[in-house]
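Asker: Structure of the sequence below:
(3 chains)
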Amino acid sequence: MILHTLNKSADTSTNLHSCLRTTLPGCALLLLEDGVYAAVKGSVSASMLSARADIRRYALREDVEARGISALLADDIELVDYAGFVALTAECDAVQSWY
Amino acid sequence: MFFYHDGVLTGSAYARAPQDEESKVQRWAALSEQHGTDLVLCIASAVKRGLLDDSEATRHASPAANIHPAFTLSGLGQLIDASAVSDRLVTFGN
Amino acid sequence: MANDQIQTSQRSSERKKILLICRQAPYGSTLARAALDVALAGAAFEQDLSLLFMDDGVWQLLPQQRAGAIGHKSIEATLQSLPLYDLDTFHVEGESLQQRSLETGQLSGNVVVLTQEELPAFIDSHDQVIGF
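Answerer: The predicted structure follows:
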């Protein structure tokens, strides 16, 4: 099971599209850095993520709070902090970073 | 920790953060000291970007070394070797 | 290394299946070259390496690159040398080719196209993944 990490805004990069083409059901996707903007409710990228209920979707709390978007997130994205990020890394078999 | 491509700039001894920002290189040095973590700069990426240790500075007849002492230079073989003995490989990039 | 670190290394050292995912076009950034440098290093250390080209990375596989015209080392030439190091298969995402109106016959090297169904399982079959 792979942990995918995504660190760019979906407006500046096609990484989210590419990432989702490689995901298997049950894998995990962590949005971090500018990638957290993909979790903003009502955005095209949030819709793409919602359509993939088969993958576990997370956003890094510290990056969400830094950008002042805590109140804007889609409901189906779970927040994790850095300790949670480390736990996900240990839980998954490999980490694939999209940047 | 293996730094390559533009990541090697992290190891500059002379980069100075603005007064109201924290120094990244100092944080890395502190992490290394606290946890014994090796901080390795890819030698090819570093030399290409003008980052030299004493040995490379001598070899290239440069006036001084400019890598922070918490970092060492090594080849990509060290990335591969570390990958081979590690349970997880995590990459951060731009 | 401290003793405990050495013991950990001995416990988990093994030949890993490492996948390098190349997503950048050649020459516009140095990441394409970086991937090949890691591939060569991995081959020298006898790791089980695979190469996957997707997104703009598929552009690296076009033949007749005249990199000298812009003062660069040829990516094509390095790719052609990889079979010498037992890196003789270039996996390519079919969707990336389609998006760029490319066909397999236009690419050089031993290209294996992965369909949308095959791609996730192929990636998942590796121990480690490094993206470029």
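
Asker: Tell me how far residue B:90 lies from residue B:13.
Answerer: 26 Å (Cβ to Cβ, to the nearest Å). From N, CA and C alone the C-beta is placed, and that goes for glycine too.

Asker: can you give me the strands in chain B?
Answerer: Ranges of strands within chain B are B:2-3, B:40-42, B:72-74, based on DSSP state E.

Asker: got those as JSON lines, with mean neighbour count and mean pLDDT columns?
Answerer: Listed next are the strands of chain B as JSON lines, based on neighbours: other Cβ atoms under 10 Å in any protein chain shown; pLDDT from 0 to 100:
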{"stretch": "strand B:2-3", "mean neighbour count": "20", "mean pLDDT": "97"}
{"stretch": "strand B:40-42", "mean neighbour count": "25", "mean pLDDT": "98"}
{"stretch": "strand B:72-74", "mean neighbour count": "18", "mean pLDDT": "97"}
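
Asker: where does the chain have low pLDDT?
Answerer: In the absence of a named chain, chain A is used. Applying pLDDT under 70 to chain A flags no residue at all.

Asker: meant chain C, my bad for not saying
Answerer: In chain C, residues with pLDDT under 70: C:1-14.

Asker: Chain A contacts on that one?
Answerer: C:21, C:23, C:54-55, C:93, C:95, C:116, C:119-121, C:123-124, C:126-129, C:131 (Cβ under 8 Å from any Cβ of the partner chain).

Asker: does the closest residue in space to residue A:31 that isn't next to it in sequence sit in a helix, a strand or a coil?
Answerer: Spatial nearest neighbour of residue A:31, chain neighbours left out: residue A:59 (4.4 Å); criterion: Cβ to Cβ, 6 or more residues apart in numbering or on different chains. Classification of residue A:59 using DSSP: H, G, I helix; E, B strand; the rest coil returns strand.

Asker: Tell me which of the strands of chain B lies nearest to chain C.
Answerer: Chain C lies closest to strand B:40-42 among these, at 8.6 Å (Cβ to the nearest Cβ).

Asker: quick one: contacts of the closest one?
Answerer: For strand B:40-42, contacts defined as Cβ atoms under 8 Å, 6 or more residues apart in numbering or on different chains pick out B:1-5, B:8, B:10-11, B:51, B:67, B:71-76, B:78-79.

Asker: swap the cut-off to 7 Å and go again
Answerer: With contact meaning Cβ atoms under 7 Å, 6 or more residues apart in numbering or on different chains, strand B:40-42 is reached by B:1-4, B:8, B:11, B:51, B:67, B:71-74, B:76, B:78.

Asker: center of the chain, which residue is that?
Answerer: Here I'm looking at chain A. Nearest to the mean C-alpha position of chain A, by Cα atoms, centre = their mean, lies residue A:31 at 2.8 Å.

Asker: That was the other one, I meant chain B.
Answerer: residue B:41 (3.5 Å).

Asker: Residue B:43 is in contact with residue B:76, isn't it?
Answerer: No: in this structure, residue B:43 is not within contact of residue B:76 by Cβ atoms under 7 Å, at 8.6 Å.

Asker: Contacts only, for the residue nearest to residue A:31.
Answerer: By Cβ under 7 Å, 6+ apart, the neighbours of residue A:59 are A:31, A:36, A:39, A:73, A:77, A:79.

Asker: Could you check how far it is from residue A:41?
Answerer: 12 Å.

Asker: did I read that right, residue C:59 in a helix?
Answerer: Yes: assessed with three-state DSSP, residue C:59 lies in a helix.

Asker: Contacts only, for it.
Answerer: By Cβ under 7 Å, 6+ apart, the neighbours of residue C:59 are C:25-26.

Asker: And the one 4 residues further on, by the same measure?
Answerer: Contact partners of residue C:63, counting by Cβ under 7 Å, 6+ apart, are C:76, C:108.

Asker: And it, how close does it get to residue A:31?
Answerer: 38 Å.
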